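A.B. asks: Pasting a predicted model and its sequence here:
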Amino acid sequence: MSAASERREAWRASWAVGLAVAAYGISFGALAVASGLDVWQASVLSAVMFSGGSQFALIGVLAAGGAASGPAAIAGATLLGLRNGLYAVRVSPIVGPGWAKRLLAGHLTIDESTAVATAQPTLESQRIGFWATGAIIWVGWNLMTLAGALLGDLLGDVSAYGLDAAAAAAFLGLVWPRLRALQPIAVAVGAAVVTTLTIPLLPPGLPVLVAAVVALVVGIPDLLGRPGGPEPQLVHHDDVPPAPDSGESER
C-alpha cells in the first residue's frame, strides 16, 4: 500500500469512528440535564473531562444519589479515566517530543483515538489517526452534548436511537481485523468475560481495570503467541555461487 493510500485509510477510519462516537454525545447531554446538571455544566464537563465512560459514570451516580453522592461519582469517574493513562504509554511514541504537543495529546488520548492510531501500519498514518480522530470526536462530542442538553426531554428515551450501539460497533470494527491470532482472541474473550462477571460486584470503573489485568497477564509474557522462526543467517562471500560462464575467453 502506498503512503498516500495509508493516509487516506487513516483519515477514513478517523471520520467513521469520530462521527459515530460524536453522535453518542447527544445522549450524554440529555442524560446530564435529566440528572440535575445545567446546560452549561454538561457542556463544560464534556469539554474538560472528555472521557465518555467517565462522564456517564459521573452523571449516573449523581442521578442515583444527588449531590450527596458527589465523592462516589468522582471516584467512579476517576477509576474509569485511569485507563487513559495506560493508553498514554502506547501513544507516546506516536505523538513525539514537545511538551505543548504532549499536553494537548493527553487531552485527546481516549479509547477511539488510541484504537485508530494503533491500527495504522506506519508512523505517519498513526499520527493522522490519533490527531484526526481525537479532534473530530472532541468537536463533535461537545456540539452533540450541547444539542442534547438543549433539547432535553424533547428527545425522549435517548437509548431508543441506538447511538450507544453505534459507538460500540465502530470500536468493534477497529478491533475485529486484529483478531487473527490466538493471543488477541484470548485477550478479547478473557477481558469480556471478566468484565461481565465483575460489573455486578464492583463499583463503576473497577471492572475495566480488572479486565486490563487479562491483557497484562496474557499479553506481556506472550503466553499464547507463536514461537519465533529461526534467526536470519548472514550469507558469507564464500557461500555465494560463482556467476555463470559468459562464454568469453580471458585475454
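C.D. replies: Received the coordinates, thanks. Since this is a predicted model, take the numbers as computed values, not measurements.
A.B. asks: Select the longest helix from the protein.
C.D. replies: When the chain is parsed with DSSP state H, its longest helix is helix 123-151.
A.B. asks: Can you list the helices and strands that it packs against?
C.D. replies: Counting contacts by 3 or more CB pairs under 8 Å, 6 or more residues apart in numbering; DSSP states H and E, helix 123-151 packs against helix 3-23, helix 25-34, helix 39-48, helix 70-95, helix 99-108, helix 111-118. Yep, even glycine has a C-beta here, placed from its N, CA and C like the rest.
A.B. asks: The closest residue to Ser14 other than its chain neighbours - how many residues pack around it?
C.D. replies: Nearest residue to Ser14, sequence neighbours excluded (CB to CB, 6 or more residues apart in numbering): Ala132, at 3.7 Å. Residues lying near Ala132 (other CB atoms under 10 Å) number 21.
A.B. asks: Same question for Ile26.
C.D. replies: Ile26: 24 neighbours (other CB under 10 Å).
A.B. asks: nearest spatial neighbour of it, skipping sequence neighbours?
C.D. replies: Ile26 sits nearest to Gly148 (CB to CB, 6+ apart), 3.8 Å away.
A.B. asks: Just list the residues touching the one you found, thanks.
C.D. replies: Taking CB atoms under 8 Å, 6 or more residues apart in numbering as the criterion, Gly148 is in contact with 25-33, 42, 155, 158.
A.B. asks: same check, this time on Ala211
C.D. replies: Contacts of Ala211 by CB under 8 Å, 6+ apart are 190-192, 194-195, 198.
A.B. asks: per-residue confidence for it?
C.D. replies: At Ala211, the model reports a pLDDT of 76.
A.B. asks: State the distance from it to Ala119.
C.D. replies: Separation of Ala211 from Ala119 (CB to CB, to the nearest Å): 20 Å.
A.B. asks: got the domain boundaries for this protein?
C.D. replies: Per automatic domain parsing, the structural domains of the chain span 3-170, 179-226.
A.B. asks: Flag whichever of those has the least confidence on average.
C.D. replies: Of all the domains of the chain, domain 179-226 has the smallest average pLDDT, which comes to a mean of 73.
A.B. asks: I would like a ChimeraX command selecting only the buried ones among the contacts of Ala211, please.
C.D. replies: The following ChimeraX line selects those of the contacts of Ala211 that are buried, judged by 16 or more other CB atoms under 10 Å:
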select :190,191,194,195
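A.B. asks: which of the domains of the chain is buried the deepest?
C.D. replies: Using mean count of other CB atoms under 10 Å, the stretch among the domains of the chain with the largest mean neighbour count is domain 3-170, at a mean of 18.
A.B. asks: Chain neighbours aside, what residue packs nearest to Ala192?
C.D. replies: Closest to Ala192 by CB to CB, 6+ apart is Ala211, at 7.7 Å.
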